[in-house]
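> how does the following fold in three dimensions:
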Amino acid sequence: MSDEQALLAVEREIALLFRRGRAKVAELSRQVHPELEGMAYSMLGFVEQAGRVRLTDIGAHFSVGKATVSRQIKALEEMGLVAREADPLDRRASLVSLTEDGARRYLRVRDSRTGRFRELLATWPQDDVVRFADLLERFNELTGESLEG
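Residues are numbered from 1 along each chain as shown. Here you go, the predicted structure:
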């Protein structure tokens, strides 16, 4: 395979992964809450990982503006999935964290998804799984994008 063919193959496979990923995130979102949007599901994952996080950090992580983050977090609050509190270090800023119900719902879906990855990769040697994770991380660092969802 030539260098050009290899790059075209990577582009084709990444495009397929993104298309499938967007569809899967929409499905996972509905499993957490019937009204949950895909972007909000991804934000839930980031908040779960971070613990308590500022709205500005959410925006920076997803490369979206304050209005988008505020709208998504407000929707998540209304669904009872996240709680917002004043940042004790800066009362003008807010910290967001998952509610108990939000954590329960998100982790149930995430654990199910992790189980699916476990099934898909069960026939791969552990070294291949580790290498695959390393390569995906390297790729994501280059692109500044995340495949989470």
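
> can you show me the helices along this protein?
3-32, 38-50, 55-62, 66-78, 100-120, 126-143 (DSSP state H).

> ramachandran angles for His33?
Note on His33: backbone dihedrals following degrees, to the nearest 10 are phi -160, psi 130.

> what is the neighbour count of it?
Per other CB atoms under 10 Å, the neighbour tally for His33 reads 21. No exception for glycine: its C-beta is placed from N, CA and C like everyone else's.

> tell me the contacts of it?
79, 81, 105 (CB atoms under 8 Å, 6 or more residues apart in numbering).

> of those residues, which is the most crowded?
Ranked by neighbour count (other CB under 10 Å), these have Leu81 at the top, with 25 neighbours.

> now do the same contact list for that one.
Counting by CB under 8 Å, 6+ apart, Leu81 makes contact with 32-33, 36, 44, 98-99, 101-102, 105-106.

> just give me the least confident of those.
Across those, the bottom pLDDT score, 89, is held by Leu36.

> for the helices of the chain, which one ends up most surrounded?
helix 38-50 (a mean of 20; mean count of other CB atoms under 10 Å).

> off-centre distance for that helix?
5 Å (CA atoms, centre = their mean, to the nearest Å).

> which strands and helices sit next to it?
helix 3-32, helix 55-62, helix 66-78, strand 90-98, helix 100-120 (3 or more CB pairs under 8 Å, 6 or more residues apart in numbering; DSSP states H and E).

> the longest one: how far from the chain's middle?
When distances are taken as CA atoms, centre = their mean, helix 3-32 is centred 14 Å away from the chain's centroid.

> next, the angle from that helix to helix 100-120.
Interaxial angle, helix 3-32 versus helix 100-120 (axes from the mean of the first three to the mean of the last three CA atoms, to 10 degrees): 140 degrees.

> check which helices and strands helix 3-32 sits against.
On a contact count with 3+ CB pairs under 8 Å, 6+ apart, helix 3-32 meets helix 38-50, helix 100-120.

> mind checking which of the ones you listed is nearest Arg138?
Smallest distance to Arg138 across the helices and strands packed on helix 3-32 (CB to CB): 18.7 Å, for helix 100-120.

> I'd like to know which of the helices of the chain is closest to Asp90.
Proximity to Asp90 (CB to CB) singles out helix 55-62 among those, at 10.2 Å.
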